[in-house]
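Novice: Just to be clear, the model below is a prediction. Sequence and coordinates:
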Amino acid sequence: GENVEQHPSTLSVQEGDSAVIKCTYSDSASNYFPWYKQELGKGPQLIIDIRSNVGEKKDQRIAVTLNKTAKHFSLHITETQPEDSAVYFCAASMGAISGTYKYIFGTGTRLKVLA
Amino acid sequence: DAGITQSPRHKVTETGTPVTLRCHQTENHRYMYWYRQDPGHGLRLIHYSYGVKDTDKGEVSDGYSVSRSKTEDFLLTLESATSSQTSVYFCAITGPTGAGYTFGSGTRLTVV
């Protein structure tokens, strides 16, 4: 089955610097890759996603890149701010399989933005 | 999150007792999921539903059962709670394209 590895598990950056989180997946049939941000005591929230027919997607300070050949995708946060501090999860999905959309999640990255 | 609520938010129960967690959605979405979140493991799928009375197992389904008698409600039951089921449980929904889960706020369950 699909397996998703996420690195690093913790990341500390100075405010204003960039942060990069990387994920690799094992199943080349995966075609949808969302990223979630989870703040303390809350459920994960979708922040950006990318489909396999696109190499890069950007939304203000957040971008995601996908390398299908190497089977890895990355989250880039530029000009980090204290409110970016949270746990970030990547996920991979093969789309509609047997009537449902199952995601396999990475193990999470705790990002700390130091003021 | 708007459109999806979980109850209870916190629960402490004793080993061997049955426990039911509820997920309620107002989005009329077909797909609903139960995940558990544990340190070092991320989020792991327990069970999911693709319609009323249509459910299937995820990767960590042992010791859990689910029911979906109405579109809006998806119940997760721990038949006989064990300490290994101490976790935070999240319900999620997704629309017809499968793009992007919306998660509930979670239920923190402690089995003592």
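Specialist: Good, I have the coordinates. Numbers count the residues shown, from 1 in each chain, chains lettered A, B, ... in the order given.
Novice: Enumerate every residue touching the closest residue to residue B:51 other than its chain neighbours.
Specialist: Nearest in space to residue B:51, with sequence neighbours left out and distances taken as C-beta to C-beta, 6 or more residues apart in numbering or on different chains, is residue B:30 at 5.6 Å. Every C-beta, even on glycine, is put in place using the N, C-alpha and C of the backbone. Contact criterion C-beta atoms under 8 Å, 6 or more residues apart in numbering or on different chains gives B:50-51, B:71, B:96 as the residues in contact with residue B:30.
Novice: what does residue A:85 give?
Specialist: With contact set as C-beta under 8 Å, 6+ apart, residue A:85 has these partners: A:111-113.
Novice: Go ahead and build a PyMOL selection from the buried members of those.
Specialist: To isolate the buried subset of those in PyMOL, counting by 16 or more other C-beta atoms under 10 Å in any protein chain shown, use the following:
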select buried, chain A and resi 111+113
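Novice: Do I have it right that residue B:13 meets residue B:19?
Specialist: Yes - distance between residue B:13 and residue B:19: 5.1 Å, which falls inside the contact criterion (C-beta atoms under 8 Å).
Novice: Mind checking which of these two has more residues around it?
Specialist: Taking other C-beta atoms under 10 Å in any protein chain shown, residue B:13 and residue B:19 do not tie; residue B:19 has more neighbours (20 against 16).
Novice: ok, for that one, nearest residue in space, not its chain neighbours?
Specialist: Computed as C-beta to C-beta, 6+ apart, the closest residue to residue B:19 that is not its neighbour in sequence is residue B:78, at 4.4 Å.
Novice: give the contact list for the residue positioned nearest the centre of chain B.
Specialist: The centre of chain B sits closest to residue B:34, judged by C-alpha atoms, centre = their mean, with a distance of 3.0 Å. Residue B:34 is in contact with B:21, B:23, B:45-48, B:58, B:64, B:66, B:74, B:76, B:89-91, counting by C-beta under 8 Å, 6+ apart.
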